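Undergrad: 3D model of this:
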Amino acid sequence: MPPVSRRTILIVGGVGGLTALVGGAGLFWRDTRSLLPGGADGSRAIPGADDLIQPEVLRSDAGVLRVRLSSVEAAVRIGGRDATVLAYNGSLPGPTLALRPGDRLEVALENGLGAMTNLHVHGMHVSPTGNGDNVLLAIESGDTFDYAYDLPADHPPGIYWYHPHHHQTTADQVAAGLYGAIIVEDPEPIAVTRERVLVISDLSLDSAGRVAPASARDRMLGREGELVLVNGQLAPTLSARPGERERWRVVNACSSRYLSLRLDGQSLQLLGMDSGRSAEPEPVDEVRLAPGNRADLLVDAESGSSVLRTNPVDRGSMPGMMGSPTATGADLAVFEVAGDPVDAPPPVPRQSTPRDLRDEEVTGRREITLAMGMGGGMGGMSFTIDGRVFDPDRVDTRVALGAVEEWTLVNSSPMDHPFHLHVWPMQVVEYPGASIDQPIWRDVVNLPARSRVKVRIPFEDFTGTSVYHCHILDHEDLGMMGVIDTQ
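TA: Sure thing, here's the model as predicted:
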């Protein structure tokens, strides 16, 4: 098998193949499939497109960030139309939380919903116990819970995110708008002209502008919204001058949609994905993100107009059902580069070499199987890990603190499943169709249909009970989740 190249390395965070399908934005919305028809002079534009709006940024001070997040129903404008969504502090997405390694994050989460909720800091290497990243607790409607997260001094820099994680409501609440970004800053800054956070999400709205409920078919396949948004906006515009270097921190906050991102006509370099970071930026043409994955990108602006697009993604099939769960394509935003050029930015400083567990002793091996089948559950379908649906009162996996384990992740089903382990990041060591020649760290690893993937995990720093699950959130809510206890 050929080694993983700069063009294909992203597959371990994304998906297998692409299809030729495209998708529209629904009855009441402007079609976003071809935002930029080429003119005779090559120019491309969207009349009246809104500028991309950045979420509010809340930064730590003197090693502490204290925030209050209210989960509420909110009125927003999407594509020029009134809509009602769920949101943190009334904004879509919620505020961006900016931290440094070693900081303490304190969050007072107020539940203003009519249902139970909680909070998960996705990808963060923090304690899962007590008022830490404890997704097994529930906050009643009208109550407030005080979370506290202490980041290790060597916490990996990168882009993370937060969202609800109460079992059987996770997909509904995330799809309705409850999400926001977290940035862990670099110890040594990377010189760029500007930084942007791009939280990509999708939703469907009914004729009254409210979030449409998911059908039984949506839940079994994993729902995909008709509208694909960037920071809660439909097809916004980003502007730059030639020669400027931007840093885009991209979050796939979709409940089930896979993203295959391209920005043709521009130069992209990948700093890292999830909590992983390469020693040097990798030039890339395409970035593939499974639900929950993130990408840290450098964009060196070149004159002209380009479309940020997600191409269709084939994520398998479900025999006996009409249609397939293929993620449709969409044009997400326009990148307009014009004006006087600026001087080239300085080189990106070399990052520390990622740890490689292939050089370390493995203290245990186990196999984890994600499966779908007939019987029980929604529409006669079951969604299981190791043959069992989720039970918060049952421990499925016990691990010793300090262990380095190798897990063989088996997907016996005809659909892809993105596997997410809370608290402890995973190093991918074997992936179908690829020979891996460098350390690749992820907290979401896509498992192609009917495949086996091997990862190694260092269970360090924290004890306690947490979970692992499919990050197609409907599948998680239907039972494709397990409990892990580290002592």
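Undergrad: Pull the contacting residues for the closest residue to Ser256 other than its chain neighbours.
TA: With CB to CB, 6 or more residues apart in numbering as the criterion, Ser256 has its nearest non-adjacent residue at 3.1 Å, and that residue is Gly222. For every residue, glycine as well, the C-beta is placed using N, CA and C. Neighbouring residues of Gly222 by CB atoms under 8 Å, 6 or more residues apart in numbering: 255-256, 325, 472-475.
Undergrad: Tell me which residues touch the spatially most central residue of the chain, please.
TA: Ranked by distance to the mean C-alpha position of the chain (CA atoms, centre = their mean), the top residue is Gly292 at 2.4 Å. By CB under 8 Å, 6+ apart, the residues touching Gly292 are 122, 252, 418, 420, 443-444, 471.
Undergrad: Can you tell me which of those residues end up in helices?
TA: Judged by DSSP state H, helices contain none of the contacts of Gly292.
Undergrad: coming back round to it: if I look at the residue nearest to Ser256, how far off is Leu178?
TA: 18 Å (CB to CB, to the nearest Å).
Undergrad: likewise Glu188?
TA: According to CB to CB, Glu188 stands 33 Å off from Leu178.
Undergrad: And for Glu405?
TA: Taking CB to CB as the measure, Glu405 falls 32 Å from Leu178.
Undergrad: the more surrounded of these two?
TA: A direct count of neighbours by other CB atoms under 10 Å for Glu405 and Leu178 places Leu178 higher, at 27 against 20.
Undergrad: In this protein, where is pLDDT below threshold?
TA: Residues of the chain that meet the criterion pLDDT under 70 lie in 1-49, 320-327, 375-379.
Undergrad: biggest strand in it by residues?
TA: When the chain is parsed with DSSP state E, its longest strand is strand 64-78.
Undergrad: Now do that one: which elements does it pack against?
TA: Counting contacts by 3 or more CB pairs under 8 Å, 6 or more residues apart in numbering; DSSP states H and E, strand 64-78 is packed against strand 57-59, strand 81-88, strand 96-99, strand 104-111.
Undergrad: do that again at 6 Å, thanks
TA: The contact analysis (3 or more CB pairs under 6 Å, 6 or more residues apart in numbering; DSSP states H and E) places strand 64-78 against strand 81-88, strand 104-111.
Undergrad: Next, the angle from it to strand 81-88.
TA: Put simply, strand 64-78 runs at 160 degrees to strand 81-88, going by axes from the mean of the first three to the mean of the last three CA atoms, to 10 degrees.
Undergrad: Can you point out the buried residues in strand 64-78?
TA: Using 16 or more other CB atoms under 10 Å as the test for burial, strand 64-78 gives 65, 67, 69-74, 76, 78.
Undergrad: what are the ranges of the helices in this structure?
TA: Assigned by DSSP H, the chain shows helices spanning 170-175, 216-221, 473-477.
Undergrad: chain center to the second one, what's the gap?
TA: I take that to be helix 216-221. Helix 216-221 sits 20 Å away from the centroid of its parent chain (CA atoms, centre = their mean, to the nearest Å).
Undergrad: Enumerate every residue touching Gly114.
TA: By CB atoms under 6 Å, 6 or more residues apart in numbering, the contact set of Gly114 is Ser141.
Undergrad: so how many other residues sit close to Glu360?
TA: If we define neighbours as other CB under 10 Å, then Glu360 has 12 of them.
Undergrad: With Ala403 as the reference, measure out to it.
TA: 11 Å.
Undergrad: just Pro425 next, same as before
TA: Per CB to CB, Pro425 is found 14 Å from Ala403.
Undergrad: Counting neighbours, go ahead and name the busier of the two.
TA: Neighbour count, other CB under 10 Å: between Pro425 and Ala403, Pro425 has more, with 19 against 14.
Undergrad: Give me the distance between the more buried one and Arg277.
TA: Plainly put, Pro425 is 11 Å away from Arg277 if you go by CB to CB.
Undergrad: And Leu357, by the same measure?
TA: On the measure of CB to CB, Leu357 and Arg277 end up 16 Å apart.
Undergrad: Name the nearest residue to Gly272, sequence neighbours excluded.
TA: Gly272 sits nearest to Asp296 (CB to CB, 6+ apart), 4.9 Å away.
Undergrad: got the contact list for the one you found?
TA: Counting by CB under 6 Å, 6+ apart, Asp296 makes contact with 158-159, 249, 271-272.
Undergrad: Quick one: those as CSV, columns for distance to Gly482 and neighbour count too.
TA: Compiled in CSV, those are given as follows (distance: CB to CB, whole Å; neighbours: other CB atoms under 10 Å):
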residue, distance to Gly482, neighbour count
Gly158, 25, 24
Ile159, 26, 27
Arg249, 30, 22
Leu271, 32, 24
Gly272, 27, 22
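Undergrad: Okay, and which of those map to strands?
TA: Using DSSP E, the contacts of Asp296 in strands are 158-159, 249, 271-272.
Undergrad: Looking at these, which is nearest Ser466?
TA: Set against Ser466, the nearest of the ones in strands among the contacts of Asp296 by CB to CB is Gly158 (19.6 Å).
Undergrad: in terms of contact, does the closest one touch Ser275 like I think?
TA: Yes. At 5.4 Å, Gly158 counts as touching Ser275 under the criterion of CB atoms under 6 Å.
Undergrad: Distance of the residue nearest to Arg315 when sequence neighbours are not counted relative to Gly479?
TA: Distance criterion CB to CB, 6+ apart; nearest residue to Arg315, sequence neighbours excluded, is Asp416 at 4.2 Å. Shown here: Asp416 relative to Gly479, a distance of 18 Å by CB to CB.
Undergrad: who has more neighbours, these two?
TA: Neighbour comparison, Asp416 and Gly479: the larger count goes to Asp416, with 25 against 22 (by other CB under 10 Å).
Undergrad: one step back: and which of the buried residues of strand 64-78 is nearest to Val284?
TA: Among those, Ile78 lies closest to Val284 (CB to CB), at 29.8 Å.
Undergrad: number of nearby residues for the residue nearest to that closest one when sequence neighbours are not counted?
TA: Spatial nearest neighbour of Ile78, excluding adjacent residues (CB to CB, 6+ apart): Leu234 at 5.9 Å. Neighbour count of Leu234, defined by other CB under 10 Å: 22.
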